[in-house]
Each structure stands twice: as C-alpha cells, then as structure tokens.
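Visitor: Sequence plus the predicted model coming up.
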Amino acid sequence: MNQTLFDKLWDAHRVKSLDGDEDLIAIDRVFLHERTGSVALMSLLEAGRTPRHPEHVFCTMDHIVSTDAGRGADSSRTPDGGVFITATREAAKQAGINLIDVLDAEQGIVHVISPELGIVQPGLALVCPDSHTCSQGALGALAWGIGSTDAEHAIVTGCLRVKKPPQMRIQIDGKLSAGVTAKDLALHIIKTFGAAGARRCAVEYCGEAVNALSVEERLTLCNMAVEFAAFTAIIASDDKTADYLKGKRFSPSEAHWGAATDYWKNLQSDADANYDFVHHIDATAVRPTVTWGTSPAQAAAMTDAVPILDDDNEKALNYMGLSGGERISALKIDGAFIGSCTNARLSDLRAAATVLKGQKVADGVTAICVPGSMSVRRAAEAEGIDRIFKDAGFVWGAAGCAFCFYAGGDTFARGSRVISSTNRNFEGRQGPDVRTHLASPAVVAASAVMGTICAPEDVS
Amino acid sequence: MNAPFLKYTGIAAPLMVDNIDTDQIIPSREMKSVSKTGLSGGLFAGQRYVSGRTVNPDFVLNKAEFKDATILLSGKNFGCGSSREHAVWALKEYGFRAIIAESFGEIFYNNCVRNGILPIQLSNDQITKLGRDVTIDLSSQTVGNFHFDIPEGDKAMLIGGLDPIAMTLSHKADIDQHFARDSQQRPWLY
C-alpha cells in the first residue's frame, strides 16, 4: 500500500472515471451561502430541477448580513442587499434544504459552523461555492471551493466532474515557539512558496507541529491554503478530531459512533505514499508574521523591515503607503479587526482577550470584533470575553463575513491602515483604498492597544 | 448551454499584472442582483472607472485599440481569491471568449470552462509575443504559433458547448449504485 490520505478519499468517492481525464466524484454534503449559493439554488429551481439529497444540503446567511448586534432578519451591510437574503431564504425553503437563517441561534460563517455543528466529518466530501471551503480539510475531509454552477451540479446530481489534482505534502517539523500561532504558520508557508506556490495541488499538512495543533488551529492553517492557489488542504484526523466532533448536532449518533471512529482511524497516508511535491518547514523558524503588501505572500516576521521599494513590489508598496525600510512593528494603525472564517473561533477570541484584559484601544483606532458564529458569541459572553472587548473599546458584533471584504456601507475610512485577523489583503478588499495587514488575533489585539503594529508582549 | 468553442479570432487586450484576483475582476459592491446577468458594467470597476462611472482613459479596455477586445492577456495566478462566479459571468457578458495567462486560480479556471470561456495557460514569453489580433484553434490546441495544454474533459465541454449537469445525469445508474453501497458502508452519513 502506498496511498496518500487524499488518494484514499478520492477512491472512496470515485463513482467512475469519465472519458478524458475527469472522475465523477460523489459529494456527501453541499453548503451554500446567500452570496453565491442563492444563484445556484435559483438557477436549479428555474430549470425545474430538484436536489438529489435535500437533507444533505445546508445553507447559511453570512456574507452580506448586517453584523450589528441588533440586526433584523433581512438587514444587509450591502445597500439594497436584502434581496440576497430574502431570495435565498425563499429558494432554500422551496428546495427543501436545511436553512440556518439570519436570526437562528446557530447562524454563523459557513466554515465556522460546519465543524461546529458536526456537518463536516473525517472522510466525507463537502463542497461550497466559497473559496475558503478548504478550511474543512482540517478535519480529515475532502473539502473544496467551487463556483455557483458546480454547486448546482453537485446539488442536482450528487456528484462533480473533477480532474484529480497533483498532491503536495508539507511536513512541519519541530515545535512552534510560544506566542507563534497557526496564522503565523499559514502566512510563513505562503510567504515561503508564493501565492501560486501550491497551484492546483491537494496539500496535506503533517508533522510534529501539525499534530500539536488544536482542531481550531488546524482550521486556520487549512483556511489559508486557497491563498497559495491550492485545490484544497487536508490533515489526517486523530483523537482530537473525534473528541471535537463528539455529541455535535450532525455528528454520527451514539449508535454509529464506534463504527464511524473505526473508519476514521484508517484515513491516514501510508508511510511510503507518493506525492508530486514534498516540502519541509522548520516550525522553530516561524515567527509572528504580518503582511506588508497586497498579497498574503507579501509577509514578513514582525521584527523585520518592510522590503525597500523596487520594480517587483512598487505597486503593492504604493498602495500600502509604504516606501520600504520601515520596521513593520512601528507602523501606525487606524483600525483593528478580529473576525472572519480564518480567526474568529472561541480560541481566537480567548487569545485576543488575554491581551486586551484591563487595556484600552489607543486613541484614534477603530476596533471591531465579529465572532465567527452566534454560538461562539454566546460562549464568549458566558466567559466574560465580550466584557473585556467592550471595556477595551471594541465594537462587539453579530456573526458574519462582511468586515473581511467590502460589502458596501460604512467601513474603514479611505487610506486607513487596518490590522486584521482575516485572510486577504488585496487592494480594496476591506474598503476603497483601505490598507490591510494580516496577522493573528493576539497581534491584532496588541496593535489595537498600542496604536502601532506590535507583538502581544509589547503591550505594557 | 454555452456557445461551442471551435476556431476563434479576436482582439487581445494585455493586462499583464500578476495575481489579478476576482475582487478586482468584479468588486463585491458590483454584485447587485441574485442573477448571472447585469454584471458587465461592474467588470474591473475599480480600474475601469475613475469615480462612479467616469471612464479611466488609462485602463487597457478603455483604449481605442482594445475597446473591442474579446481575449484577455494576463500574468500569474489570474482569477485567484474569492470563488465568486460573478467574475466569469461579468467577463462573459462583456464579450470575453478566452483568457490567456501564465496560470489561473483553480476555482476561476473551472468556472471559465463551465461558462464557455476558454482559459489558456502560456509562458510569459509566449504571451508577450502574441500580437493584438489573436487566433485560437481549440481542436488543435494552438494559439498563434504556440501549442497549449488543456484537460481533455474541459476541451470536450468547451467544443461541444455541453451542459455538464445533463452529461452527469446520464450516469445516474452508477451514481445510484455508489450511494446505495456507501449508505451500507457509512450509515452515519445517511
């Protein structure tokens, strides 16, 4: 046997090989959201088609919903965006799929609630018309982002036509240092290999440092795989994965638990498995990392300087209002954001709260926290974390995606410099001319307090 | 049903920048309706307009020689970022039939094929040697003097203008068999 975990999952889902180079791959779960899933659902209904397994299709409202604590059922951050919410709600009901609506207690960002509710499980195939679906490979699942047309395809047929991607193993040896997070590791990897470094590959993360990560940290690591052009990322499930899923709403029932976990234990790469590419990362070399440019690959250790402006980075540095040579840890910020499918889980909020406790956000800094789901929000409130954020001067929002990208409406001011726990620092991503620096939640919290980009230990 | 892609000649506009993401192809604020149409006005809105809908004369598609372009040339990792298929729908509605780049975002690439737009991967050296008028022959996999690779399934879908859902539904018996077997092996998923 010399199969990778990905080979095993692929084989288990291959209905048949088609003419040419594609396989027909069975899809166990489809997740939709109101921004891209709405079009898939409406197109399906217009064509007179029905879902093959409506009970295996889930839809949440996350992308453009208002993140205001007192939002209404149709409130959108996008001007006139309510139509996406109402149309999706109507189409979801008509199609008979599972709908997690705006005001439902379990509402949240799709990649946060899918593991939280046990919808994603080791060994199943899950797709969603959202690029960060690769997050969910963190639980040992075959999960990848698709377009709306493919979402419609998967809902109607239960399958997708896919060419098997090449495979890359990234083995992370050694231990991460204290204060170095999964986010730093993700940025370090993309910086090392480039934004197109894993183009079309299924990336398996393994090694001592990956084994040591919690399930929530693994979700953060896999979340960023699309930022270096991977097809998806995957991490073999282990006891932590099973413990995480135990008792969740859509997890295997008590009656099936033993059989399910026995099945999961076999989902491992063989020792002599073949990969198209193998890379090693030294975990001990990873430092707290922050982006300085307009691609997640344009990142550096916080202790480093911004690269001097040259032909290769001229456009990025001009956009970011930097000339190079500045110390990253000295850059003054105007905004701080903690949220998104990358870093808005309970462990992220706890890490930020540890830094924020008893502190105040610096004058002139707009600080916002949007928990990844309403369940995370309630859990944080039960621990008093909301109080720490609010006392420090953070806005405490309701779950949604809209502060990670510019959905319209009020946002950070033009030209403002924002430190953000999100995944994309593209030009205009968080608003026209807004300059986004990606970092871990603890670094965002520390920077909010000091008013300059800094490490948690710099908060005095 | 997409228009079949056979032999095609068109004007190629160079947008030779790396990492053109789907947020740039269609900014989120331009995705105004729950539909695949009405999006071309928002194509490249951030670069195409100076403010509001005032045209930016420096943007390649606004220059007289490229205003009728139906082929786009670009650099590495074109279409990276968000999976929003609106990026492809906007390009299609604007009139683009092919994108020639050094490499593509994976989801964007698939979205192109599903919507009848041909994504072609060439080297930077080859792309810069293509002139303004470019001829693409998908059956022989040539663009100008260069050969390009394309997965066979994608090629068949583009040449035939095929509906992938209808194609897949023709395998219903195999699909039924898979799920019947799997529901025995992994009953916890059903």
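Guide: That came through fine.
Visitor: what's the spacing between A:Thr284 and chain B?
Guide: Using Cβ to the nearest Cβ, to the nearest Å, A:Thr284 is found at 30 Å from chain B. Every residue, glycine included, has its C-beta placed from N, CA and C.
Visitor: Please report how far that residue lies from A:Ser329.
Guide: 21 Å (Cβ to Cβ, to the nearest Å).
Visitor: What of A:Val434?
Guide: The value you get for A:Val434 to A:Ser329, if Cβ to Cβ is used, is 21 Å.
Visitor: How about the contacts made by the residue in the stretch 301-450 of chain A positioned nearest to chain B?
Guide: Nearest to chain B, among the residues of the stretch 301-450 of chain A, is A:Gly408, at 4.7 Å (Cβ to the nearest Cβ). By Cβ atoms under 8 Å, 6 or more residues apart in numbering or on different chains, A:Gly408 lies in contact with A:64, A:77-79, A:81, B:28-29.
Visitor: returning to what we had before: out of A:Thr284 and A:Ser329, which sits in the busier spot?
Guide: Neighbours were counted for A:Thr284 and for A:Ser329 using other Cβ atoms under 10 Å in any protein chain shown; A:Ser329 has more, 20 against 13.
Visitor: so what's the more buried one up against?
Guide: Neighbours of A:Ser329 in contact, by Cβ under 8 Å, 6+ apart: A:302-303, A:452-455, A:458.
Visitor: swap in A:Leu41?
Guide: Under the criterion of Cβ under 8 Å, 6+ apart, the neighbours of A:Leu41 are A:32, A:59, A:88, A:91-92, A:95, A:97, A:152, A:155.
Visitor: can you rerun that using 7 Å?
Guide: A:32, A:88, A:91-92, A:95 (Cβ atoms under 7 Å, 6 or more residues apart in numbering or on different chains).
Visitor: Buried among the residues you listed? Need that as a selection in ChimeraX.
Guide: In ChimeraX, this line selects whichever of the contacts of A:Leu41 come out buried by 16 or more other Cβ atoms under 10 Å in any protein chain shown:
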select /A:32,88,91,92,95
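Visitor: Could you export the contacts of A:Leu41 to TSV, including columns for pLDDT and secondary structure?
Guide: TSV is the format used below for those (pLDDT from 0 to 100; DSSP: H, G, I helix; E, B strand; the rest coil):
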residue	pLDDT	secondary structure
A:Leu32	98	strand
A:Thr88	97	helix
A:Ala91	96	helix
A:Ala92	97	helix
A:Ala95	97	helix
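Visitor: and which of the contacts of A:Leu41 is nearest to chain B?
Guide: The closest of those to chain B turns out to be A:Thr88 (Cβ to the nearest Cβ; 7.6 Å).
Visitor: Return the distance of that closest one relative to A:Pro129.
Guide: 12 Å.
Visitor: Check A:Ala138 too.
Guide: To A:Pro129, A:Ala138 is 19 Å away according to Cβ to Cβ.
Visitor: Could you do A:Glu208 as well?
Guide: For A:Glu208, the distance to A:Pro129 (Cβ to Cβ) stands at 35 Å.
Visitor: When these two are compared, which one has more neighbours?
Guide: A:Pro129 (31 against 13).
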